[in-house]
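Colleague: Structural data only, the sequence is not supplied:
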């Protein structure tokens with residue numbers, strides 16, 4: 001719902017992230033991310049994927 005989306009966006013902002021970049025990266029990675037490591041994708045733990053490992057769009 002919208003409240004969940006806004007919470008994620010505001011958490012990204014509070015963590016000093018660009019919400020668009022954060023969400024785009026997480027939505028790209030989440031399907032293949034190990035379920036026991038989902039905490040790595042939370043805004044306060046998130047690190048962008050190194051550019052050498054990004055897939056071409």
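Modeller: In hand now; what should we look at? This one's a predicted model, so the numbers in the text were calculated from it and none came from an experiment.
Colleague: use CA for all of it now, contacts and neighbours both
Modeller: OK.
Colleague: State the pLDDT value of residue 25.
Modeller: For residue 25, the model assigns a pLDDT of 94.
Colleague: Give me the distance between the residue most central in space within the chain and residue 4.
Modeller: Centroid check for the chain by CA atoms, centre = their mean gives residue 26 as the closest residue, at 3.3 Å. Distance check for residue 26 against residue 4: by CA to CA, to the nearest Å, it reads 15 Å.
Colleague: what's near enough to touch the residue nearest to the centre of the chain?
Modeller: Residues in contact with residue 26 (CA atoms under 8 Å, 6 or more residues apart in numbering) are residue 41.
Colleague: hmm, 6 Å instead?
Modeller: Residue 26 is in contact with no residue at all, counting by CA atoms under 6 Å, 6 or more residues apart in numbering.
Colleague: Could you grab the helix/strand/coil label for it?
Modeller: Classification of residue 26 using DSSP: H, G, I helix; E, B strand; the rest coil returns helix.
Colleague: same thing with residue 16?
Modeller: Relying on three-state DSSP, one would call residue 16 coil.
Colleague: what's the distance between it and residue 22?
Modeller: Separation of residue 16 from residue 22 (CA to CA) stands at 10 Å.
Colleague: Between these two, tell me which one has more neighbours.
Modeller: residue 22 (21 against 11; other CA atoms under 10 Å).
Colleague: so which helix or strand takes in that one?
Modeller: Residue 22 belongs to helix 19-29 when assigned by DSSP states H and E.
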